[in-house]
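1. give me coordinates for this.
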Amino acid sequence: MAVAVSPRFPALPWRVHLPWPHLVWLGLLVYADAQLWFTRAGLYYTAPQNATLFWRNALLADLLDCALFYVNYLVLQPKLFKPRRSLAYLGAVVGALLLFALARAGLSVALQEGVQLSRLQLNLMAQVQLLLTLHLPLGGLILLLSAGLRLASDYLHQRENRRELERQHLRTELSLLKTQLHPHFLFNTLNNIYSLTLQASPQAPEAVLRLAELMRYQLYDSTDDLVPLAREIRHLHGFLALQLLRLPPDEADEALPFTVLLPPGAEYARRLPPMLLLPLVENAFKHGDLAARPVVARLHLQLQPDGRLLFSVLNYCNPQVPSDLAAPGGMGLANLQRRLELLYPGRHSLSVAATATEYQVKLEVQL
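-> Alright, predicted model coming up:
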């Protein structure tokens, strides 16, 4: 059976921590001023022939534009743009817009920007009223731009925060799954050693020593996200050697054939999460029949040149004790399925084939 996978989230087109809203706003200001300078156009902002005067006037006007932009961007929208404060936000925005239009009109008159208005023989009050009709829409556009950039920035920040929370949750879940593997493995192995001590077997001290070596791997090496394939294979050999102590010495050599086929140098070039393969081997001894002869279980590991790792475990069963993934105590394979879903979404398959006398698990992972 193939394990279900979850789709990946698409990557953000840019890093949200960059001050892109401010860069957009600055770019628009520079573009507007440059266009007025090169075209010498504009009813209320006619460029004087003196470049110094023009850029002085443009800077003062831009400061007022920035004041309206950032009053909404930094103060009004973060504090008042909320479901229960919509009327307060609307009133504050209207007030800011009126103040901006009055200030902008006053600046235009003070700097004699309304040259073309003076040619219309308008008095001061008429000039101010006409300027207000021009600056009110301008202020409205600035507020809309400020609100839109703030909403987009907040959305991207929230999206990045959700992605970070998902990454933290993924790391936490993987850590919990790995810690669950440790007591599960220890529980099974201590049962094996306990059976040796009950029989007063001279192999019990060797079993304790091998268990210490395996636990050293799990305590120190399994903290890494990835380990070389050679290290994982060595760990499996150590586990199998520990299980062989449960068999008669004259039969142990042939009881657990383990075939490894790797391209040259791949055992160190390819890496995988630690203890990814161990649950399949554990399951063979948990559900397998140690009395089966001449072979208790067959293990086959192969790495394709394209990085596909194929690992299969075939064990022989007692027909009176059916093997099943859903059997009580099947924590190891259940955790393996979950780890594969988290680590290799869309790049793995785990299949189980069971009969009355055989139980085979096949794992394929694209490293």
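2. where does the stretch 51-200 of the chain have low pLDDT?
-> 112-128, 130-131, 165, 167-185, 188 (pLDDT under 70).
3. would you map the helices across the stretch 51-200 of the chain?
-> 51-70, 77-80, 86-110, 115-119, 124-198 (DSSP state H, counting those that start in this stretch).
4. give me the neighbour count for L74.
-> Residues contacting L74 under the criterion other C-beta atoms under 10 Å number 12. All C-beta atoms are positioned from the backbone trio N, CA, C, and that covers glycine.
5. likewise for N57?
-> Neighbourhood size, N57 [other C-beta under 10 Å]: 22.
6. my guess is it contacts L111. True?
-> Yes. Between N57 and L111 a contact is recorded at 5.0 Å, counting by C-beta atoms under 8 Å.
7. how about the helices of the stretch 51-200 of the chain in CSV, adding distance to G265?
-> Listed next are the helices of the stretch 51-200 of the chain as CSV, based on distance: least, C-beta to C-beta, whole Å:
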stretch, distance to G265
helix 51-70, 59
helix 77-80, 56
helix 86-110, 65
helix 115-119, 79
helix 124-198, 28
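8. do you know which of the ones you listed lies nearest L336?
-> Closest approach to L336 among the helices of the stretch 51-200 of the chain (C-beta to C-beta): helix 124-198, 8.6 Å.
9. what domains does the record give for this structure?
-> As assigned by automatic domain parsing, the chain contains the domains 20-162, 201-366.
10. what would those look like in JSON lines with distance to S195?
-> Listed next are the domains of the chain as JSON lines, based on distance: least, C-beta to C-beta, whole Å:
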{"stretch": "domain 20-162", "distance to S195": "50"}
{"stretch": "domain 201-366", "distance to S195": "7"}
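11. next, give phi and psi for R298.
-> phi -120, psi 130 (degrees, to the nearest 10).
12. that one touches E254, doesn't it?
-> No. Using C-beta under 8 Å as the test, R298 is too far from E254 to be in contact (11.1 Å).
13. tell me which of the two has more neighbours.
-> R298 (17 against 12).
14. what kind of secondary structure is L310 in?
-> strand (DSSP: H, G, I helix; E, B strand; the rest coil).
15. could you pull up the residues touching it?
-> 300-304, 362-364 (C-beta atoms under 8 Å, 6 or more residues apart in numbering).
16. so it bridges to which residues?
-> Q302, E364 (DSSP bridges).
17. quick check, L276 in a helix?
-> No. With three-state DSSP as the criterion, L276 is assigned coil and is not in a helix.
18. next up, the contacts around it.
-> 232, 336, 339, 365.
19. take these and lay them out in a markdown table including distance to F311, pLDDT and neighbour count.
-> Shown next, in a markdown table, are the contacts of L276 (distance: C-beta to C-beta, whole Å; pLDDT from 0 to 100; neighbours: other C-beta atoms under 10 Å):
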| residue | distance to F311 | pLDDT | neighbour count |
| --- | --- | --- | --- |
| E232 | 10 | 88 | 25 |
| L336 | 11 | 80 | 24 |
| R339 | 14 | 80 | 20 |
| V365 | 8 | 92 | 20 |
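20. which among those residues gets closest to L29?
-> Out of the contacts of L276, the member with the shortest distance to L29 (by C-beta to C-beta) is R339, at 52.3 Å.
21. ok, T355 - how many residues close by?
-> 12.
22. heads up, I number from 762, so please use that
-> Got it, first residue is 762 now, which makes that one T1116.
23. got the phi/psi numbers for it?
-> Taking degrees, to the nearest 10 as the convention, T1116 sits at phi -130, psi -170.
24. distance check, it against P1055.
-> Separation of T1116 from P1055 (C-beta to C-beta, to the nearest Å) stands at 19 Å.
25. before we move on, the earlier item: now, which of the contacts of L1037 lie within helices?
-> Residues of the contacts of L1037 located in helices (DSSP state H): 993, 1097, 1100.
26. thinking again about what came up before, buried ones among the contacts of L1071?
-> Listed as buried from the contacts of L1071 are 1062, 1064, 1123-1125; burial here means 16 or more other C-beta atoms under 10 Å.
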